[in-house]
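*Asks:* Fold the following for me, if possible:
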Amino acid sequence: MLAWILHRITGLGMIVFVSLHVISSFFTQEMGSDWAIAINTVYESIYFQFFIVFCVLYHGINGIRIIILDLWPRMLQYQKEMTWLQWLVFVPIYGLTIFIMIQKLITGG
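*Replies:* The predicted model follows:
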């Protein structure tokens with residue numbers, strides 16, 4: 001159940017990011033408004049970037065797990081193991097990505 005909820009939340013998170021990005025880009029380009037700059041500030045913050053990276057990675061890896069289970073129904077009996085494997089793949093990739101993001105933030109690169 002947690003995987004189902006997280007899949008929906010991460011999908012909505014990506015939709016929110018893309019929507020904010022498109023709206024902000026439009027208003028910045030067309031009007032140069034302060035409102036658009038404020039939206040840019042929000043989605044360029046490091047915390048929002050951590051959230052978006054989480055959303056993209058989790059949604060993608062969970063989607064691959066769902067595709068595998070749909071294509072090979074015999075694998076449904078190993079759903080718990082597939083979920084653990086998903087986390088085993090997700091955690092190191094997410095951790096490494098966050099480490100690199102923090103390293104670039106500290107060094108200014």
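
*Asks:* For stretch 57-65, which outside residues touch it?
*Replies:* With contact meaning Cβ atoms under 8 Å, 6 or more residues apart in numbering, stretch 57-65 is reached by 3, 6-7, 10-11, 14, 82-83, 85-86, 89-90, 93-94, 97. No exception for glycine: its C-beta is placed from N, CA and C like everyone else's.

*Asks:* Out of those, which sit inside helices?
*Replies:* Counting by DSSP state H, the contacts of stretch 57-65 place 3, 6-7, 10-11, 14, 82-83, 85-86, 89-90, 93-94, 97 in helices.

*Asks:* Would you pull up how far the helix or strand of the chain with the lowest mean pLDDT lies from the middle of the chain?
*Replies:* Every helix and strand of the chain was ranked by mean pLDDT, DSSP states H and E. The lowest is helix 34-43, at a mean of 81. Here the centre of mass of C-alpha atoms in helix 34-43, compared against the chain's by Cα atoms, centre = their mean, to the nearest Å, lies 20 Å away.

*Asks:* Outside of that helix itself, list whatever touches it.
*Replies:* Residues beyond helix 34-43 that count as contacts (Cβ under 8 Å, 6+ apart) turn out to be Phe17, Leu20, His21, Ile23, Ser24, Ser25, Phe26, Phe27, Thr28, Phe48, Gln49, Ile52.

*Asks:* between the very next helix or strand once past it and helix 34-43, what angle do the directions make?
*Replies:* Following the chain from helix 34-43 toward its C-terminal end, the next helix or strand by DSSP states H and E is helix 46-71. Here helix 46-71 points in a direction 70 degrees away from that of helix 34-43 (axes from the mean of the first three to the mean of the last three Cα atoms, to 10 degrees).

*Asks:* in helix 46-71, what's buried?
*Replies:* For helix 46-71, the buried set under the neighbour-count rule, 16 or more other Cβ atoms under 10 Å, comprises 48-49, 51-52, 54-59, 61-62, 65.
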